[in-house]
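Engineer: here you go, sequence then predicted model.
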Amino acid sequence: MALIKTIRKVGNGTALPLDNSLLDLMGLHVGDQVMIVLDGPRLILTPARAGIGKRRADQILKEIRAEYGLALTELAK
């Protein structure tokens, strides 16, 4: 897939906007971090997945609360 994008001025810096369809293909969301590697004249963007990520952590926490919420509340007394 090849796209041509325009670098834009944002405040005192610049930004390269990425389409939602491209983010979806890479499995990225707003707030995710990416690793940028310079390879000659090319920039390579790779998801920086050092952990499970906030979305997955929130999902796991929700599942734990649903299954063990009452027991955890009792244990907290």
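Structural biologist: Nice, thanks for sending it over. Numbers count the residues shown, from 1 in each chain.

Engineer: okay, CA-based contacts and neighbour counts for the rest of this
Structural biologist: Will do.

Engineer: show me what contacts the residue nearest the centre of the chain?
Structural biologist: Centroid-nearest residue in the chain, with CA atoms, centre = their mean: Asp32, separated by 2.4 Å. Applying CA atoms under 8 Å, 6 or more residues apart in numbering to Asp32 gives the contacts Pro47, Ala48.

Engineer: pretty sure Ile7 is one of the things Leu16 touches, is it not?
Structural biologist: Yes. Leu16 lies in contact with Ile7 (CA atoms under 8 Å); the separation is 4.9 Å.

Engineer: quick check: longest helix of the protein.
Structural biologist: Under DSSP state H, the helix in the chain containing the largest number of residues is helix 54-75.

Engineer: give me the mean pLDDT for it.
Structural biologist: Averaged over helix 54-75, pLDDT sits at 89.

Engineer: any idea how far that helix is from the chain center?
Structural biologist: 22 Å (CA atoms, centre = their mean, to the nearest Å).

Engineer: please renumber the chain so that the first residue is 405 from this point on.
Structural biologist: Taking 405 as the first residue, the last one we looked at is helix 458-479.
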